[in-house]
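Student: Sequence and predicted model, in that order:
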Amino acid sequence: MSRATSIGRLSPPVAILRHAALLATGALILVPFVWMVSLSIKPPGEIFSTSFFLWPKQFYGVENYTRALTDAPLPRYMGNGLIVCAVILALQILFCAPCAYALAKLRFPGRDLLFGVVLIGLLLPHQVLSLPLFILGYHLGILNTYAALIFPYVVSPFGIFLFRQCFKTIPNDVVHAARLDGLSELAIVWKIMVPMALPAVIAFAIFSVVGHWNDLFWPLIAVRDQSLMPPPLGIMSFKNEEAGNDYGPLMAASTLVVLPLVIAFLAAQKWFVEGMTGGAVKQ
(Lines give C-alpha, C1' and ligand atoms only; values in the text may rest on other atoms or scores of the structure.)
Protein backbone atom coordinates (compact mmCIF):
# COMPACT_ATOMS: atom_id res chain seq x y z
CA MET A 1 0.00 0.00 0.00
CA SER A 2 1.43 3.40 -1.00
CA ARG A 3 1.95 6.19 1.48
CA ALA A 4 -0.62 8.41 -0.29
CA THR A 5 -3.23 5.67 -0.07
CA SER A 6 -2.56 5.09 3.61
CA ILE A 7 -2.88 8.81 4.30
CA GLY A 8 -6.10 9.04 2.29
CA ARG A 9 -7.73 6.20 4.25
CA LEU A 10 -8.73 7.12 7.77
CA SER A 11 -9.25 4.71 10.61
CA PRO A 12 -12.94 3.96 11.40
CA PRO A 13 -13.06 6.04 14.63
CA VAL A 14 -11.51 9.05 12.88
CA ALA A 15 -13.86 8.67 9.89
CA ILE A 16 -16.90 8.44 12.19
CA LEU A 17 -15.77 11.51 14.14
CA ARG A 18 -15.21 13.45 10.93
CA HIS A 19 -18.63 12.58 9.53
CA ALA A 20 -20.29 13.36 12.86
CA ALA A 21 -18.66 16.80 12.89
CA LEU A 22 -19.76 17.42 9.29
CA LEU A 23 -23.34 16.33 10.03
CA ALA A 24 -23.51 18.50 13.16
CA THR A 25 -22.17 21.52 11.28
CA GLY A 26 -24.59 20.93 8.39
CA ALA A 27 -27.51 20.63 10.82
CA LEU A 28 -26.59 23.94 12.48
CA ILE A 29 -26.49 25.62 9.07
CA LEU A 30 -29.84 24.13 8.01
CA VAL A 31 -31.75 24.90 11.23
CA PRO A 32 -32.53 28.57 10.34
CA PHE A 33 -33.77 27.56 6.88
CA VAL A 34 -35.93 24.75 8.23
CA TRP A 35 -37.37 27.11 10.83
CA MET A 36 -38.04 29.73 8.13
CA VAL A 37 -40.03 27.22 6.07
CA SER A 38 -41.87 26.07 9.19
CA LEU A 39 -42.93 29.61 10.06
CA SER A 40 -44.04 30.21 6.48
CA ILE A 41 -46.82 27.60 6.82
CA LYS A 42 -48.03 28.52 10.32
CA PRO A 43 -50.91 30.85 11.30
CA PRO A 44 -50.05 33.93 13.38
CA GLY A 45 -51.25 32.31 16.62
CA GLU A 46 -48.91 29.36 16.27
CA ILE A 47 -45.90 31.47 15.26
CA PHE A 48 -45.81 33.05 18.71
CA SER A 49 -46.76 29.89 20.56
CA THR A 50 -44.57 28.91 23.52
CA SER A 51 -44.50 25.27 22.41
CA PHE A 52 -41.90 24.14 19.86
CA PHE A 53 -43.04 22.18 16.81
CA LEU A 54 -42.04 22.26 13.15
CA TRP A 55 -45.28 21.15 11.51
CA PRO A 56 -48.26 23.42 12.23
CA LYS A 57 -51.45 22.20 13.84
CA GLN A 58 -53.34 24.31 11.31
CA PHE A 59 -51.73 24.48 7.87
CA TYR A 60 -51.61 28.13 6.82
CA GLY A 61 -49.20 27.91 3.91
CA VAL A 62 -51.67 28.81 1.16
CA GLU A 63 -52.67 32.02 2.92
CA ASN A 64 -49.10 33.06 3.75
CA TYR A 65 -47.69 32.37 0.29
CA THR A 66 -50.67 34.03 -1.40
CA ARG A 67 -50.13 37.15 0.70
CA ALA A 68 -46.39 37.03 -0.01
CA LEU A 69 -47.16 37.22 -3.74
CA THR A 70 -50.01 39.74 -3.56
CA ASP A 71 -49.44 42.09 -0.59
CA ALA A 72 -46.16 43.22 -2.17
CA PRO A 73 -45.00 42.96 -5.80
CA LEU A 74 -42.65 40.07 -4.99
CA PRO A 75 -42.45 38.84 -8.62
CA ARG A 76 -41.30 42.36 -9.60
CA TYR A 77 -38.65 42.32 -6.87
CA MET A 78 -37.38 38.94 -8.02
CA GLY A 79 -37.39 40.15 -11.63
CA ASN A 80 -35.29 43.15 -10.57
CA GLY A 81 -32.90 40.82 -8.80
CA LEU A 82 -32.62 38.63 -11.89
CA ILE A 83 -31.86 41.61 -14.14
CA VAL A 84 -29.30 43.12 -11.77
CA CYS A 85 -27.53 39.81 -11.06
CA ALA A 86 -27.41 38.82 -14.74
CA VAL A 87 -25.98 42.18 -15.89
CA ILE A 88 -23.45 42.27 -13.02
CA LEU A 89 -22.28 38.72 -13.77
CA ALA A 90 -21.94 39.40 -17.51
CA LEU A 91 -19.94 42.58 -16.92
CA GLN A 92 -17.77 40.94 -14.27
CA ILE A 93 -16.80 38.09 -16.58
CA LEU A 94 -16.25 40.58 -19.43
CA PHE A 95 -13.77 42.62 -17.36
CA CYS A 96 -12.29 40.02 -15.00
CA ALA A 97 -11.32 37.37 -17.55
CA PRO A 98 -8.94 39.63 -19.60
CA CYS A 99 -7.47 41.10 -16.39
CA ALA A 100 -6.88 37.63 -14.97
CA TYR A 101 -5.30 36.48 -18.24
CA ALA A 102 -2.90 39.42 -18.23
CA LEU A 103 -1.87 38.70 -14.64
CA ALA A 104 -1.49 34.97 -15.29
CA LYS A 105 0.10 34.72 -18.74
CA LEU A 106 1.57 38.07 -19.77
CA ARG A 107 4.79 39.64 -18.56
CA PHE A 108 4.86 43.43 -18.13
CA PRO A 109 6.30 45.94 -15.63
CA GLY A 110 4.17 46.31 -12.50
CA ARG A 111 2.30 43.02 -12.91
CA ASP A 112 3.05 41.86 -9.37
CA LEU A 113 2.13 45.29 -8.02
CA LEU A 114 -1.23 45.14 -9.79
CA PHE A 115 -1.84 41.68 -8.39
CA GLY A 116 -1.09 43.08 -4.94
CA VAL A 117 -3.76 45.73 -5.52
CA VAL A 118 -6.22 42.96 -6.39
CA LEU A 119 -5.39 41.19 -3.13
CA ILE A 120 -5.93 44.43 -1.21
CA GLY A 121 -9.30 44.74 -2.92
CA LEU A 122 -10.17 41.28 -1.59
CA LEU A 123 -9.46 42.46 1.96
CA LEU A 124 -11.58 45.62 1.82
CA PRO A 125 -15.24 45.20 2.85
CA HIS A 126 -17.60 46.72 0.32
CA GLN A 127 -19.21 48.81 3.07
CA VAL A 128 -15.96 50.80 3.40
CA LEU A 129 -16.46 52.16 -0.11
CA SER A 130 -20.19 52.87 0.22
CA LEU A 131 -19.83 56.61 0.95
CA PRO A 132 -17.49 57.45 -1.97
CA LEU A 133 -19.58 55.24 -4.25
CA PHE A 134 -22.75 57.06 -3.17
CA ILE A 135 -21.12 60.45 -3.84
CA LEU A 136 -19.86 59.23 -7.22
CA GLY A 137 -23.31 57.91 -8.10
CA TYR A 138 -24.84 61.26 -7.14
CA HIS A 139 -22.46 63.19 -9.39
CA LEU A 140 -23.07 60.75 -12.23
CA GLY A 141 -26.83 61.12 -11.75
CA ILE A 142 -27.49 57.39 -11.62
CA LEU A 143 -28.91 57.04 -8.11
CA ASN A 144 -32.32 55.36 -7.96
CA THR A 145 -31.71 53.52 -11.26
CA TYR A 146 -30.62 50.02 -12.24
CA ALA A 147 -27.20 51.48 -13.01
CA ALA A 148 -26.78 52.44 -9.35
CA LEU A 149 -27.26 48.80 -8.34
CA ILE A 150 -24.83 47.55 -10.99
CA PHE A 151 -21.85 49.89 -11.40
CA PRO A 152 -20.12 49.32 -7.99
CA TYR A 153 -19.73 45.60 -8.79
CA VAL A 154 -18.55 45.69 -12.39
CA VAL A 155 -14.97 44.81 -11.42
CA SER A 156 -14.64 41.97 -8.91
CA PRO A 157 -11.26 41.43 -7.18
CA PHE A 158 -12.40 37.94 -6.23
CA GLY A 159 -13.26 37.16 -9.86
CA ILE A 160 -9.84 38.35 -11.05
CA PHE A 161 -8.11 36.31 -8.36
CA LEU A 162 -10.12 33.14 -9.03
CA PHE A 163 -9.70 33.32 -12.81
CA ARG A 164 -5.98 34.07 -12.48
CA GLN A 165 -5.41 31.05 -10.29
CA CYS A 166 -7.31 28.86 -12.75
CA PHE A 167 -5.59 30.32 -15.83
CA LYS A 168 -2.17 29.64 -14.28
CA THR A 169 -2.95 25.90 -14.29
CA ILE A 170 -3.42 25.98 -18.09
CA PRO A 171 -0.07 25.09 -19.78
CA ASN A 172 1.76 27.93 -21.48
CA ASP A 173 2.17 25.70 -24.53
CA VAL A 174 -1.55 26.08 -25.19
CA VAL A 175 -1.19 29.85 -25.27
CA HIS A 176 1.89 29.69 -27.49
CA ALA A 177 0.11 27.36 -29.92
CA ALA A 178 -2.85 29.73 -30.11
CA ARG A 179 -0.53 32.63 -30.88
CA LEU A 180 1.15 30.63 -33.66
CA ASP A 181 -2.32 30.04 -35.12
CA GLY A 182 -2.74 33.81 -35.37
CA LEU A 183 -5.14 34.40 -32.48
CA SER A 184 -4.99 37.76 -30.75
CA GLU A 185 -4.65 37.97 -26.97
CA LEU A 186 -8.35 38.75 -26.54
CA ALA A 187 -9.27 35.87 -28.84
CA ILE A 188 -7.12 33.56 -26.71
CA VAL A 189 -9.02 34.73 -23.61
CA TRP A 190 -12.49 34.05 -25.01
CA LYS A 191 -11.81 31.08 -27.28
CA ILE A 192 -9.20 29.19 -25.24
CA MET A 193 -8.90 30.29 -21.61
CA VAL A 194 -12.52 30.87 -20.60
CA PRO A 195 -13.84 27.59 -22.11
CA MET A 196 -11.02 25.65 -20.43
CA ALA A 197 -11.80 27.39 -17.13
CA LEU A 198 -15.55 26.78 -17.32
CA PRO A 199 -15.81 25.19 -13.83
CA ALA A 200 -14.17 28.28 -12.33
CA VAL A 201 -16.57 30.50 -14.28
CA ILE A 202 -19.55 28.54 -12.92
CA ALA A 203 -18.17 28.67 -9.37
CA PHE A 204 -17.69 32.43 -9.66
CA ALA A 205 -21.17 32.81 -11.15
CA ILE A 206 -22.68 31.11 -8.09
CA PHE A 207 -20.73 33.36 -5.73
CA SER A 208 -21.65 36.47 -7.70
CA VAL A 209 -25.36 35.71 -8.07
CA VAL A 210 -25.79 34.64 -4.44
CA GLY A 211 -23.91 37.69 -3.15
CA HIS A 212 -25.83 40.24 -5.19
CA TRP A 213 -29.20 38.50 -4.97
CA ASN A 214 -28.93 38.66 -1.16
CA ASP A 215 -27.40 42.14 -0.97
CA LEU A 216 -29.38 44.53 1.20
CA PHE A 217 -26.83 47.14 2.29
CA TRP A 218 -26.10 48.86 -1.03
CA PRO A 219 -29.66 48.73 -2.49
CA LEU A 220 -30.90 50.31 0.76
CA ILE A 221 -28.63 53.27 -0.03
CA ALA A 222 -28.84 53.43 -3.82
CA VAL A 223 -32.57 53.12 -4.63
CA ARG A 224 -35.82 54.46 -3.24
CA ASP A 225 -38.26 53.61 -6.00
CA GLN A 226 -40.22 50.46 -5.12
CA SER A 227 -40.23 49.34 -8.75
CA LEU A 228 -36.42 49.06 -8.65
CA MET A 229 -36.05 47.20 -5.36
CA PRO A 230 -34.28 43.80 -5.41
CA PRO A 231 -35.71 40.90 -3.35
CA PRO A 232 -34.02 41.51 0.07
CA LEU A 233 -35.06 45.17 0.06
CA GLY A 234 -38.50 44.42 -1.31
CA ILE A 235 -39.48 41.91 1.37
CA MET A 236 -38.90 44.60 3.98
CA SER A 237 -42.31 45.89 2.94
CA PHE A 238 -43.75 43.21 5.23
CA LYS A 239 -42.17 45.06 8.16
CA ASN A 240 -44.74 47.20 9.96
CA GLU A 241 -43.47 49.35 12.81
CA GLU A 242 -46.97 50.09 14.11
CA ALA A 243 -48.69 46.71 13.82
CA GLY A 244 -45.56 44.57 14.15
CA ASN A 245 -43.88 42.31 11.63
CA ASP A 246 -46.15 40.04 9.61
CA TYR A 247 -43.94 36.99 10.09
CA GLY A 248 -46.01 34.45 8.15
CA PRO A 249 -45.95 36.23 4.78
CA LEU A 250 -42.44 37.54 5.55
CA MET A 251 -41.09 34.00 5.98
CA ALA A 252 -43.03 32.83 2.91
CA ALA A 253 -41.50 35.64 0.84
CA SER A 254 -38.05 34.82 2.22
CA THR A 255 -38.52 31.16 1.26
CA LEU A 256 -39.50 32.11 -2.27
CA VAL A 257 -36.46 34.40 -2.54
CA VAL A 258 -34.04 31.72 -1.30
CA LEU A 259 -35.52 28.87 -3.35
CA PRO A 260 -34.01 29.82 -6.77
CA LEU A 261 -30.54 30.01 -5.23
CA VAL A 262 -30.88 26.57 -3.66
CA ILE A 263 -32.05 25.05 -6.94
CA ALA A 264 -29.23 26.74 -8.89
CA PHE A 265 -26.59 25.54 -6.43
CA LEU A 266 -27.86 21.97 -6.39
CA ALA A 267 -27.84 21.93 -10.19
CA ALA A 268 -24.28 23.27 -10.43
CA GLN A 269 -22.64 21.88 -7.29
CA LYS A 270 -20.37 19.52 -9.24
CA TRP A 271 -18.87 22.36 -11.28
CA PHE A 272 -18.80 24.59 -8.20
CA VAL A 273 -16.54 22.21 -6.27
CA GLU A 274 -14.37 21.58 -9.32
CA GLY A 275 -14.01 25.28 -10.00
CA MET A 276 -13.08 26.11 -6.42
CA THR A 277 -10.45 23.37 -6.16
CA GLY A 278 -9.04 23.52 -9.70
CA GLY A 279 -6.95 26.63 -9.15
CA ALA A 280 -5.32 25.14 -6.05
CA VAL A 281 -3.88 22.13 -7.88
CA LYS A 282 -0.70 22.35 -9.93
CA GLN A 283 -1.09 20.69 -13.30
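Tutor: Happy to help now that I have it.
Student: Would you state the helices of the stretch 101-250 of the chain in chain order?
Tutor: Secondary structure of the stretch 101-250 of the chain (DSSP state H, counting those that start in this stretch): helices at 111-123, 130-140, 146-150, 157-168, 172-180, 185-188, 194-196, 198-213, 217-222, 231-234, 247-278.
Student: Now do the second one: everything it contacts.
Tutor: Residues outside helix 130-140 that contact it (CB atoms under 8 Å, 6 or more residues apart in numbering) are 143, 148, 151-152, 217-218, 221-222. The way it works is simple: take the backbone N, C-alpha and C, and place the C-beta from them, glycine included.
Student: Filter those residues down to the buried ones.
Tutor: Among these, those classed as buried by neighbour count (16 or more other CB atoms under 10 Å) are 143, 148, 151-152, 218, 221-222.
Student: which of those residues sit farthest apart?
Tutor: Farthest pair in the buried ones among the contacts of helix 130-140 (CB to CB) is 151 and 221. Separation: 13.1 Å.
Student: For stretch 46-66, buried residues please.
Tutor: Quick answer for stretch 46-66 (16+ other CB under 10 Å): 46-47, 56, 60-61, 64-65.
Student: Also stretch 213-229?
Tutor: Here stretch 213-229 shows 213, 215, 218-219, 221-223, 228-229 as buried, counting by 16+ other CB under 10 Å.
Student: mind putting the residues you listed in TSV, pLDDT and distance to residue 14 included?
Tutor: Shown next, in TSV, are the buried residues of stretch 213-229 (pLDDT from 0 to 100; distance: CB to CB, whole Å):
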residue	pLDDT	distance to residue 14
213	92	38
215	90	40
218	92	44
219	92	46
221	91	49
222	90	50
223	91	52
228	90	53
229	90	50
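Student: Which member of those residues is positioned nearest residue 75?
Tutor: residue 229 (12.3 Å).
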